[in-house]
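S.K.: Whatever this is, show me its structure:
(2 chains)
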Amino acid sequence: MTEDQGIEDLVNDPILSSGARVGILIALFGVGRSTFTDLLRSTGLAKSSLYMHLQVLEKHGLITMKTEFTRTRPRAIVRITEAGIMEINHYFDIVKRYFEERK
Amino acid sequence: MQVIDENFEMGRTIATRAYLMDIRKRIGKIYLLFSTLVPVSFILSVILSYHFSGFLRYIYYLKNASSIIIVYAVYIAITYIILRRTRRIQYAAIRMEYEVRGKSRGPFLRIATNGPTFFLILFVSPLILYIYLTIFRLYSYYIFMDAVFLAAIILWFYRTFKLFEDVPPWWIWDWIAIAGFVLGFFLGEFVFPYLYFIFSFTWLVAGIGTFVDLRKIGASVS
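M.R.: Model prediction:
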């Protein structure tokens, strides 16, 4: 998303036009990183649907997905990137403006 | 433009759920951590009273295991690590709920008990007070310090929950933990020291129960 992007463009944005992707990004904005399983539990999305959304976000460089080995088993760790943090902050700014203009 | 509302609302619901589950997981970890406090103190007191003598005993064993400041320092440090990331959740929640949605910020005290300053006070002050009580050998006041420290943690979680639109109901495990804390410390202090173990047992149950419930919630949606 560019700096001068308006409220109208938000509707057509390839990433933020999906509520699920917005939710995943805001969730990661708060927790920093999460396991795929935890995201599955907290989002309530189907496994395939979540995977698809994560792939879109990863393709745009907003998150990273990596398999890390823990004591018990390998886990898919999802992390928000700096670009992802900037994107969600920008999204908040636009939505804030949208809410203010609507008042 | 309704799409923006719908997307934001859906995003907010998903994120809130993720935050609350993360916070619940941390509460579970706190329960499990503090369930080990009494057994660790007990084991340390046994070890130190039987295996150290002379100078070593003087250094490490002041009166009883609970007076070993290092125990408190370790627990405070681990608690700090567990709760540190909730500051990020608080920041995200404040941004989402107050700045974007324009929710009223509420009374000063509500805001004042969130944020890095409060977080620092929360974890530095108990340690300073524990050191003070140890230096002046005011061991009988430890019970109140334990209560103050745990009350501060509860306040931190409560304030974090209050940032969200709907304050989630307290889980049964929270009530069990509170009852166990009051009963365990009261009976342990005034009736019989071994009754401190009530506190440990109830917090262990609360910790395990919290994780079992989180797993159930996860299973129901996946």
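S.K.: Okay, and the residue positioned nearest the centre of chain A sits in which element?
M.R.: With distances taken as Cα atoms, centre = their mean, A:L25 lies nearest the centre of chain A, 2.2 Å away. Using DSSP states H and E, the element containing A:L25 is helix A:19-31.
S.K.: same deal with B:I198?
M.R.: helix B:197-221.
S.K.: and stretch A:53-63, does that touch chain B?
M.R.: No: using Cβ under 8 Å from any Cβ of the partner chain, stretch A:53-63 never reaches chain B; the gap is at least 10.4 Å. Heads up, the C-betas are built off the backbone N, CA and C, glycines and all.
S.K.: With just CA atoms, put that stretch into CSV.
M.R.: Taking C-alpha atoms only, stretch A:53-63 is exported to CSV below (Å, rounded to 0.1, in the frame of the first residue of the first chain):
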residue,chain,number,x,y,z
HIS,A,53,-4.2,-16.5,3.3
LEU,A,54,-0.7,-17.0,4.8
GLN,A,55,0.7,-17.8,1.4
VAL,A,56,-0.7,-14.5,0.0
LEU,A,57,0.7,-12.5,2.9
GLU,A,58,4.1,-14.2,2.6
LYS,A,59,4.2,-13.6,-1.2
HIS,A,60,3.8,-9.9,-0.4
GLY,A,61,6.6,-10.0,2.2
LEU,A,62,4.3,-9.1,5.1
ILE,A,63,5.0,-12.3,7.0
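S.K.: one step back: quick check: the residue nearest to the centre of chain A touching A:N89?
M.R.: No: counting by Cβ atoms under 8 Å, A:L25 stays clear of A:N89, with 10.4 Å between them.
S.K.: one step back: ok, now which ones touch the residue lying closest to the residue nearest to the centre of chain A once chain neighbours are set aside?
M.R.: Nearest residue to A:L25 in three dimensions, chain neighbours excluded: A:I88, at 4.9 Å (Cβ to Cβ, 6 or more residues apart in numbering or on different chains). Contact partners of A:I88, counting by Cβ atoms under 8 Å, 6 or more residues apart in numbering or on different chains, are A:L25, A:I26, A:F29, A:I80.
S.K.: Just give me the neighbour total for the second one.
M.R.: I take that to be A:I26. Using other Cβ atoms under 10 Å in any protein chain shown, A:I26 has 28 neighbouring residues.
S.K.: Is it in contact with B:T13, as I believe?
M.R.: No: using Cβ under 8 Å, A:I26 makes no contact with B:T13, being 10.0 Å away.
S.K.: Surely A:G44 and B:T16 touch.
M.R.: No: judged on Cβ under 8 Å, A:G44 makes no contact with B:T16 at a distance of 11.7 Å.
S.K.: who has more neighbours, the two?
M.R.: The neighbour comparison of A:G44 against B:T16 (other Cβ under 10 Å) goes to B:T16, with 24 against 19.
S.K.: so where does the spatially most central residue of chain B fall, helix or strand?
M.R.: What sits nearest the mean C-alpha location of chain B, by Cα atoms, centre = their mean, is B:I153, with 4.1 Å. Per DSSP H and E, B:I153 falls inside helix B:142-162.
S.K.: circling back: ok, the residue nearest to the centre of chain A - contacts?
M.R.: A:L25 neighbours (Cβ under 8 Å, 6+ apart): A:L57, A:L62, A:I63, A:I80, A:G84, A:E87, A:I88, A:Y91, B:G11.
S.K.: roughly how far apart are A:V11 and chain B?
M.R.: 5 Å (Cβ to the nearest Cβ, to the nearest Å).
S.K.: What residues sit buried inside the longest helix along chain B?
M.R.: In terms of residue count, the longest helix belonging to chain B (DSSP state H) is helix B:2-35. For helix B:2-35, a neighbour-count test (16 or more other Cβ atoms under 10 Å in any protein chain shown) marks B:4, B:7-8, B:10-24, B:26-35 as buried.
S.K.: Many thanks, we can stop here.
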